[in-house]
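A.B. asks: Sequence first, predicted model second:
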Amino acid sequence: MNTVTPRVFIAATRQNDGKTTASLGLIAALQQYFPRVGYIKPVGQRFVEIEEQKIDEDTVLMDSVYRLNCPLVDMSPIAVEPDFTRKYLESSNNEALVRKIQKAFDRVAWEKDFVLCEGSGHAGVGSVFDLSNAQVARILGAKVVIVTQGGIGKPIDEVCLNQALFEKEGVEIIGVILNKVMGQKVDYISDFARRGLKRKGLELLGVIPHQRVLSCPTIESIRDELQAESLNTASGLHALVEDVLVGAMGAQNAATYFKRGALLITPGDRDDILLAACTSMDSSVNDRLAGIVLTGGLRPGDALMNMIRAMPVPVLLAQEDSYEVAARVHDLTVKTRPTDAEKIALIRDLIAKNVNVPLIVEALKT
């Protein structure tokens with residue numbers, strides 16, 4: 001396997017700590033030092049099907065943003081399907097999986113100056129089929145950057161758990177990035193987290209201020225999550241949803257909550273609320289709702305449908321009741337998508353300004 005091309009492995013202490021966000025921003029930052037950067041996510045758990053191949057969705061994101069000039073199947077060599085673990089435990093094929101990862105890395109690294117390797121969670125994820133993040137980092141001969149959520153005590157405790165497993169596999173940790181730190185606490189947390197990590201022999205590489213916009217879903221992602229039907233062709237599917245309003249009150253009272261960035265969730269037979277929402281569209285563009293979800297599979301009558309088709313914001317029809325829809329929107333895991341241009345630009349800027357990339361580059365030389 002290629003042992004010459006510089007590489008780094010991005011891990012996290014938990015799911016949704018910001019590993020993909022860090023990876024997305026680091027690729028742009030590292031291109032200042034290594035013009036041709038490659039990417040691989042050796043073991044993926046959330047995937048989409050592209051040309052009959054199961055490709056991790058983070059791989060699709062990276063390739064869409066950076067045009068990495070490498071086959072998607074090599075950047076996402078192993079997809080953990082629902083029965084993957086059971087099949088592995090029935091007939092272990094670890095050597096074949098390791099070879100698959102190594103060969104994929106060689107193809108990804110071809111004519112590249114650097115390869116960013118993204119893990120799939122904390123150090124132990126994948127242990128059940130002998131491909132934990134720590135083991136994969138060792139297989140790839142990569143040093144590690146750990147991403148964790150903001151704070152002092154809990155993040156350092158969790159980093160230490162991960163540190164123990166990486167060290168057991170003989171993998172060096174370059175340092176730690178703290179993500180989602182509240183703006184007013186950045187200086188305070190940076191100071192004490194740096195002290196705490198130093199006591200464990202670890203560097204603090206950066207502190208990323210919390211940005212609420214990165215946690216906001218788009219209308220498109222909500223539509224896909226709910227498998228909802230689009231009732232009109234209005235633009236705005238990429239609009240960010242900053243607040244959720246459940247229309248379970250009288251129309252006059254509900255209308256007072258209609259505001260920019262809000263998603264209205266209401267049963268499809270609440271003609272009064274729908275009429276109030278239609279009327280609100282006559283106000284300033286800056287005060288409009290982000291979109292509307294009609295629930296219960298209740299399709300409005302012809303007169304209202306004509307109004308909905310003319311609405312300037314997306315209107316969706318979901319089969320679940322309002323409570324279930326609101327719960328699913330609340331629990332939705334927000335993943336950055338290739339179409340989220342605003343978020344991608346923000347992520348690049350955040351990593352460039354708040355992460356000590358030269359320190360990462362320097363650590364790869366030793």
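C.D. replies: It's in.

A.B. asks: Who are the contact partners of the nearest residue to residue 351 once chain neighbours are set aside?
C.D. replies: Counting by C-beta to C-beta, 6 or more residues apart in numbering, residue 351 lies nearest to residue 25, which is 2.7 Å off, once chain neighbours are set aside. C-beta: built from backbone N, CA, C; applies to glycine. Residues near residue 25 by C-beta atoms under 8 Å, 6 or more residues apart in numbering: 347, 348, 350, 351, 352, 355.

A.B. asks: next one: residue 106
C.D. replies: By C-beta under 8 Å, 6+ apart, the contact set of residue 106 is 1, 2.

A.B. asks: Could you list the low-confidence segments of the stretch 51-200 of the chain?
C.D. replies: When residues are selected by pLDDT under 70, none of them lie in the stretch 51-200 of the chain.

A.B. asks: quick one: which of the contacts of residue 25 has the most company?
C.D. replies: When neighbours are counted by other C-beta atoms under 10 Å, residue 347 leads the contacts of residue 25 with 25 neighbours.

A.B. asks: Just after whatever helix or strand that residue lives in, pick out the following helix or strand.
C.D. replies: Using DSSP states H and E, residue 347 sits in helix 341-354. Using DSSP H and E, the helix or strand that follows helix 341-354 in sequence is helix 357-363.

A.B. asks: same for that following helix, what does it pack against?
C.D. replies: Contacts defined by 3 or more C-beta pairs under 8 Å, 6 or more residues apart in numbering; DSSP states H and E place helix 357-363 against helix 19-30, strand 173-181.

A.B. asks: Distance to residue 211 for the ones you listed - can I get that in TSV?
C.D. replies: What follows is the helices and strands packed on helix 357-363, written out as TSV (distance: least, C-beta to C-beta, whole Å):
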stretch	distance to residue 211
helix 19-30	9
strand 173-181	8
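
A.B. asks: dump the residue contacts of residue 85.
C.D. replies: Residues near residue 85 by C-beta under 8 Å, 6+ apart: 128, 129.

A.B. asks: what about the strands in the stretch 51-200 of the chain?
C.D. replies: Taking DSSP state E, counting those that start in this stretch, the strands of the stretch 51-200 of the chain run over residues 53-56, 78-79, 114-118, 143-149, 173-181.

A.B. asks: Can you give me the distance of the closest residue to residue 165 other than its chain neighbours to residue 214?
C.D. replies: Leaving out its chain neighbours, the residue that sits closest to residue 165 by C-beta to C-beta, 6+ apart is residue 123, at 4.0 Å. Per C-beta to C-beta, to the nearest Å, residue 123 is found 24 Å from residue 214.

A.B. asks: Have a look at these two and say which one is more surrounded.
C.D. replies: Higher neighbour count among residue 123 and residue 214: residue 123, with 30 against 20, using other C-beta under 10 Å.

A.B. asks: Touching, that one and residue 134? I think so.
C.D. replies: Yes - using C-beta atoms under 8 Å, residue 123 is in contact with residue 134, at 4.5 Å.

A.B. asks: shared neighbours of those two, which are they?
C.D. replies: Counting by C-beta under 8 Å, 6+ apart, the contacts common to residue 123 and residue 134 are 162, 165, 166.

A.B. asks: first to last residue in stretch 12-31, what's the distance?
C.D. replies: One end of stretch 12-31 to the other measures 22 Å (C-alpha to C-alpha, to the nearest Å).

A.B. asks: which one of the contacts of residue 25 sits closest to residue 171?
C.D. replies: Nearest to residue 171, judged by C-beta to C-beta, of the contacts of residue 25 is residue 355 at 20.3 Å.

A.B. asks: can you give me the strands for the stretch 251-366 of the chain?
C.D. replies: 262-267, 291-295, 315-317.

A.B. asks: if you compare these, which one is most tucked away?
C.D. replies: Mean neighbour count (mean count of other C-beta atoms under 10 Å) peaks for strand 291-295 among the strands of the stretch 251-366 of the chain, with a mean of 27.

A.B. asks: what's the average pLDDT for it?
C.D. replies: For strand 291-295, the mean per-residue pLDDT is 96.

A.B. asks: which other helices and strands contact it?
C.D. replies: helix 219-226, strand 262-267, helix 271-280, strand 315-317, helix 322-331.

A.B. asks: and the angle for it with helix 322-331?
C.D. replies: 140 degrees (axes from the mean of the first three to the mean of the last three C-alpha atoms, to 10 degrees).

A.B. asks: Throw the strands of the stretch 51-200 of the chain into CSV and include distance to residue 319, thanks.
C.D. replies: What follows is these, written out as CSV (distance: least, C-beta to C-beta, whole Å):
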stretch, distance to residue 319
strand 53-56, 27
strand 78-79, 29
strand 114-118, 35
strand 143-149, 34
strand 173-181, 33
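
A.B. asks: quick one, which of those strands is nearest to residue 303?
C.D. replies: Among these, strand 53-56 sits nearest to residue 303 (C-beta to C-beta), with 44.9 Å.
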